[in-house]
Each structure stands twice: as structure tokens, then as C-alpha cells.
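# give the three-dimensional model of this entry:
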Amino acid sequence: MMTLWILMLSAAVIYFFWQNRKIAEAAWQHAELQAKQLNVQLLSIACTKRRIGLLKNGKPGIKSLFLFEFSSDGETQYQGELELEDIKLVKSTIPPYRI
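Take a look at the predicted model:
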């Protein structure tokens, strides 16, 4: 019986690790798309908050907040936010920046 619990726990850890990697890849793609649309250079992206909860569609999932840094002139950095529910972009916040 203990072996079964260990296998289930291991499978859950592997599943959540895989989901986190998939969400991080999706966030990177969303940030690249935002940078391309704004005609700016993407510098970095980092996850600041991740939690399990109910998504807008009523199903359980992972809600994440990512910060991404970009530069429009090569000298100054700006920080935008991406809110994701699983791999779907829910909201993006871009601060005013110099063109």
C-alpha cells in the first residue's frame, strides 16, 4: 500500500513539474508576441506568483503572474505583466514607454 502512495505522489510531482514548464514556455511565447507587436526588445521574463485555483471557466487550474522586461531604445528598461490561466493569456499590462 505504501508503494502505491509513493507512486501516486511521484506521478503528481512529475505532472505539476511538466505543467509548470508548459506554462513557462507559453508565457515566453506571449511575451515575445507582445514585444514583436510593440516593436521592442524582450530582455527577460520571470514568474512572480503561481497558485492553484478556479479559472474563469470554472475548472481547477494554475494561475500565474509573469513579469517581463523590455527595452525600446536599448538604454532604458520597462517592466510589463502577463497574467495566465494555465497557458491562456488573460491580461497583459504594459507601462508607457519611450519610442
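
# ok, and the closest non-adjacent residue to the most centrally placed residue in the chain?
With the centre of the chain defined as its mean C-alpha position, the nearest residue by CA atoms, centre = their mean is residue 27, 3.9 Å away. Among residues not flanking residue 27 along the chain, residue 66 sits closest, at 4.4 Å (CB to CB, 6 or more residues apart in numbering). (C-beta placed from N, C-alpha, C; glycine too.)

# beta partners for that neighbour?
Applying DSSP bridges to residue 66 gives these bridge partners: residue 47, residue 82.

# was I right to think it contacts residue 34?
No - assessed by CB atoms under 8 Å, residue 66 is found out of contact with residue 34, at 10.8 Å.

# more neighbours, these two?
Remark: of residue 66 and residue 34, residue 66 carries more neighbours, 24 against 18, as counted by other CB atoms under 10 Å.

# from residue 93, how far out is that one?
Separation of residue 66 from residue 93 (CB to CB, to the nearest Å): 11 Å.

# between those two, which contacts overlap?
Taking CB atoms under 8 Å, 6 or more residues apart in numbering as the contact rule, residue 66 and residue 93 both touch residue 81.

# show me where this protein has strands.
41-54, 60-71, 78-85, 88-93 (DSSP state E).

# got those strands as JSON lines, with mean pLDDT and distance to residue 3 columns?
JSON lines is the format used below for the strands of the chain (pLDDT from 0 to 100; distance: least, CB to CB, whole Å):
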{"stretch": "strand 41-54", "mean pLDDT": "93", "distance to residue 3": "26"}
{"stretch": "strand 60-71", "mean pLDDT": "94", "distance to residue 3": "27"}
{"stretch": "strand 78-85", "mean pLDDT": "95", "distance to residue 3": "35"}
{"stretch": "strand 88-93", "mean pLDDT": "94", "distance to residue 3": "37"}
